[in-house]
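Chemist: Sequence first, predicted coordinates after that:
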Amino acid sequence: IFKFLGAISVDLGKDRIKPYLPTILTPLYRELNSNYAEQDPTLKNLSQEIIELLKKLVGLEAFSLAFSSVQKQANQKRAMRKKQRALQTVANPDIAARRKLKRHKNKAETRKRKIESLRPVHKAKRHRSLKDLAMVE
């Protein structure tokens, strides 16, 4: 998709691409600022190359205006999601408590996996439920 966006940008030219610049920059910005563990470095490099191409194509001033608007929009969305999460905690405490328990459980499992990888001889104790202990034929 990024290659397609770059090709369309070059094909449309300087004047015709300006109205679509924020739309094109949104996925590129998202890829550049993502911090996922399984992130593909080639995708990040490609998005950086397309951003440089757009800078040269439309000029630094027009690019900067569009990029800052995309940045501002992303920050507003992030803040809105954070605010909704905080409001949901107050409005639905039972859902928030379940989410918190799940997060703590995942954290404990991660810690156990890390211990096992660092010290293969030592086995971390795993919580067993009644289902695990039941004899099933």
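Modeler: Thanks, I have it. Numbering: from 1, shown residues only.
Chemist: Distance of the residue most central in space within the chain relative to K44?
Modeler: Central residue of the chain (CA atoms, centre = their mean): S34, 4.6 Å from the mean position. Applying CB to CB, to the nearest Å, the value for S34 to K44 is 8 Å. C-betas here are computed from N, CA, C, even on glycine.
Chemist: Overlap in contacts, those two.
Modeler: Shared contacts of S34 and K44, defined by CB atoms under 8 Å, 6 or more residues apart in numbering, are absent.
Chemist: Quick check: phi and psi on S68?
Modeler: Here is the backbone geometry of S68 (degrees, to the nearest 10): phi -70, psi -30.
Chemist: Then P120?
Modeler: The phi/psi pair for P120 (degrees, to the nearest 10) is phi -60, psi -20.
Chemist: residues near it, how many?
Modeler: 8 (other CB atoms under 10 Å).
Chemist: Could you number the chain from 23 rather than 1 from now on?
Modeler: Happy to do that; since the first residue is 23 now, the last one works out to P142.
Chemist: Low-confidence stretches in the chain?
Modeler: For the chain, the stretches with pLDDT under 70 are 59, 144-159.
Chemist: repeat that for 90
Modeler: Low-confidence segments of the chain (pLDDT under 90): 35-37, 54-66, 107-108, 110-112, 115, 118, 134-159.
Chemist: Contacts only, for V32.
Modeler: Counting by CB under 8 Å, 6+ apart, the residues that V32 touches are L75, L79.
Chemist: Distance of it relative to I72?
Modeler: Distance from V32 to I72, by CB to CB: 10 Å.
Chemist: same check, this time on L82
Modeler: 16 Å.
Chemist: More neighbours: these two, which one.
Modeler: Neighbour count, other CB under 10 Å: between L82 and I72, I72 has more, with 22 against 9.
Chemist: quick one: the more buried one and L27 touch, right?
Modeler: Yes. Between I72 and L27 there is a contact under CB atoms under 8 Å: 6.3 Å.
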